[in-house]
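Trainee: Show me the folded form of this:
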Amino acid sequence: MAVPELFDRAARRARRDRAGLAGGVLDQLIAEEMFDRLDCVARTFAQPLLIGASAPMLAGLAARGLSPTVIDAAPRRAAAANGSAGEEDALPFAPESFDLVLAASTLDTVADLPGALILARRALQPDGLFLGCMVGSPSLPALRQALATAEPGARRLHPQVDARAGGDLLARAGFALPVADTTMLTLSYRTFDALIADLRASAATNVLADRHKLSRSTVAQAQKAFADLGDGERTVETITLLMLTGWAPDASQPKPAKRGSATASLASTLRNRAP
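Mentor: Purely as a prediction, here's the structure:
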């Protein structure tokens, strides 16, 4: 029997199409973080794949002289980027097609995240780089608390992956030199509705398969609870960006030393360094 999917794929596509290629503030912040990391890599790339079409990512790649192949689950958004429509966990590309794969702000709602990472690794040429960024754990604590106050026990926010789980997923997918780390963004909002508008603009609202529409009374309670968390003017919200970095395996990459191959013991080293 098939396991029910956590996310509603049709709703996910519709939300991304509604947000459009321009995206929102979260798309911009994710693009800035990704290019900060990419610019630290001391090598050039010629055949990039962009998973998740967004204007900030396309602009950043163009500024670096790169013209990516683009794929996005949302068909209109993909077409606006001159790309193709497709799901991350069903990439249509042949193995070793790209030397760089960038996954921008989509991995947190992929139905099969381990499978998506495996396919991204297979699409890379040997020693190719994968760089992904998504909303990770812990994120949106103020929103979570406001919704829990308004509707106790309801599941409104997506499950979030932390850095440890992210590193494990990269290793399981077969990436060499896997690294998962986080960057925390601190934002502030005058109202609950302003936060929701930012999330909606970046297609980051609820696409859980078992979601249901909020009633007016629940929204009103969430608005009040969110305001109560602030200082009377604004409420602080935090978003953790989970950065995933890995390389397609290649013989030229550094390898860890074999266990037991050390020629000196730690005890003797510390003894020799003692005053």
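Trainee: Let me see the ranges of the strands in the protein.
Mentor: Under the criterion DSSP state E, the chain contains strands at 48-51, 69-72, 84-85, 98-104, 124-136, 176-189, 235-247.
Trainee: could I get those as JSON lines with distance to Arg144?
Mentor: (Each C-beta comes from the backbone N, C-alpha and C, glycine too.) Shown next, in JSON lines, are the strands of the chain (distance: least, CB to CB, whole Å):
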{"stretch": "strand 48-51", "distance to Arg144": "27"}
{"stretch": "strand 69-72", "distance to Arg144": "28"}
{"stretch": "strand 84-85", "distance to Arg144": "32"}
{"stretch": "strand 98-104", "distance to Arg144": "24"}
{"stretch": "strand 124-136", "distance to Arg144": "12"}
{"stretch": "strand 176-189", "distance to Arg144": "14"}
{"stretch": "strand 235-247", "distance to Arg144": "10"}
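Trainee: Export those to JSON lines and append columns for distance to Val110 and mean neighbour count.
Mentor: Shown next, in JSON lines, are the strands of the chain (distance: least, CB to CB, whole Å; neighbours: other CB atoms under 10 Å):
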{"stretch": "strand 48-51", "distance to Val110": "9", "mean neighbour count": "24"}
{"stretch": "strand 69-72", "distance to Val110": "12", "mean neighbour count": "23"}
{"stretch": "strand 84-85", "distance to Val110": "15", "mean neighbour count": "16"}
{"stretch": "strand 98-104", "distance to Val110": "9", "mean neighbour count": "25"}
{"stretch": "strand 124-136", "distance to Val110": "9", "mean neighbour count": "22"}
{"stretch": "strand 176-189", "distance to Val110": "16", "mean neighbour count": "16"}
{"stretch": "strand 235-247", "distance to Val110": "12", "mean neighbour count": "21"}
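Trainee: count of neighbours near Gly230?
Mentor: Around Gly230 there are 16 other residues, counting by other CB atoms under 10 Å.
Trainee: Mind pulling the model confidence for it?
Mentor: In this model, Gly230 is scored at 95, pLDDT.
Trainee: Could you find the closest non-adjacent residue to it?
Mentor: With sequence-adjacent residues excluded and distances taken as CB to CB, 6 or more residues apart in numbering, Gly230 is closest to Val236, at 7.2 Å.
Trainee: And that neighbour, how far from Met134?
Mentor: The gap separating Val236 from Met134 is 22 Å, by CB to CB, to the nearest Å.
Trainee: quick one: pLDDT of Ala62?
Mentor: The per-residue pLDDT reported for Ala62 equals 97.
Trainee: now the helices for the stretch 151-275 of the chain?
Mentor: Counting by DSSP state H, counting those that start in this stretch, residue ranges of the helices within the stretch 151-275 of the chain are 163-172, 192-201, 216-228, 266-273.
Trainee: Quick check: which of these is nearest to Val25?
Mentor: Relative to Val25, the nearest member of the helices of the stretch 151-275 of the chain by CB to CB is helix 192-201, separated by 5.5 Å.
Trainee: what distance separates the closest one from the middle of the whole chain?
Mentor: Centre-to-centre, helix 192-201 and its host chain are 19 Å apart (CA atoms, centre = their mean, to the nearest Å).
Trainee: quick one, it and helix 216-228 angle?
Mentor: Going by axes from the mean of the first three to the mean of the last three CA atoms, to 10 degrees, helix 192-201 is angled at 100 degrees with respect to helix 216-228.
Trainee: so where is this protein shaky, pLDDT-wise?
Mentor: Along the chain, the parts satisfying pLDDT under 70 run over 1-3, 256-275.
Trainee: Mind telling me which residue is nearest the centre of it?
Mentor: Residue closest to the average C-alpha location in the chain (CA atoms, centre = their mean): Met134, at 1.5 Å.
Trainee: In the sheet, which residues pair with that one? Tell me.
Mentor: Per DSSP bridges, the residues bridged to Met134 are Leu242.
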